[in-house]
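# Sequence unavailable; structure follows:
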């Protein structure tokens, strides 16, 4: 499974407006719900906050990978957003987040969830990749960058 297999232009938001993590969770959950992919917003937010309470998912410089498990989905759902000004996220490095990759997977089926997180982490460890995604101006450009890096 590759990240480009999980993303379509309708699941990529360039220009997130959120200033902090709480706003971001609500903005991205709303975005994914409006794309018709997220059946239960309350469950999604609850899953994100529960996971975040264990440890920040702002794990790489400028990148956060908030994730959770849901009962109402069968396929792994990924949404990606970029923020030119940065989001106060309480990341492990203390810096702002500019790229967010939100992942939801079926509760009780950890395999696809872990595979998606591993693939996302691998891509964002490529030198310069995060910066290029952050500077992309359209969902199509983000997807092209991902396909070229895979």
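It's in. Here the structure is a predicted model, which means the values were calculated and not measured. Residues are numbered from 1 along each chain as shown.
# So which elements touch the worst-scoring helix or strand of the chain on mean pLDDT?
Lowest by mean pLDDT, DSSP states H and E among the helices and strands of the chain is helix 110-124, with a mean of 91. Where contact means 3 or more C-beta pairs under 8 Å, 6 or more residues apart in numbering; DSSP states H and E, helix 110-124 is packed against helix 3-6, strand 67-70, strand 97-106. No exception for glycine: its C-beta is placed from N, CA and C like everyone else's.
# Toward the C-terminus from that helix, list the very next helix or strand.
Remark: after helix 110-124, the chain's next helix or strand is helix 129-135, criterion DSSP states H and E.
# Check the offset of that next one from the chain's centre.
On the basis of C-alpha atoms, centre = their mean, to the nearest Å, helix 129-135 sits 14 Å off its chain's mean C-alpha point.
# Quick one: mean pLDDT for that helix?
Mean pLDDT, helix 129-135: 97.
# which of the helices and strands packed on helix 110-124 is buried the deepest?
strand 97-106 (a mean of 25; mean count of other C-beta atoms under 10 Å).
# mind putting the helices and strands packed on helix 110-124 in JSON lines, distance to residue 26 included?
Listed next are those as JSON lines, based on distance: least, C-beta to C-beta, whole Å:
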{"stretch": "helix 3-6", "distance to residue 26": "22"}
{"stretch": "strand 67-70", "distance to residue 26": "14"}
{"stretch": "strand 97-106", "distance to residue 26": "12"}
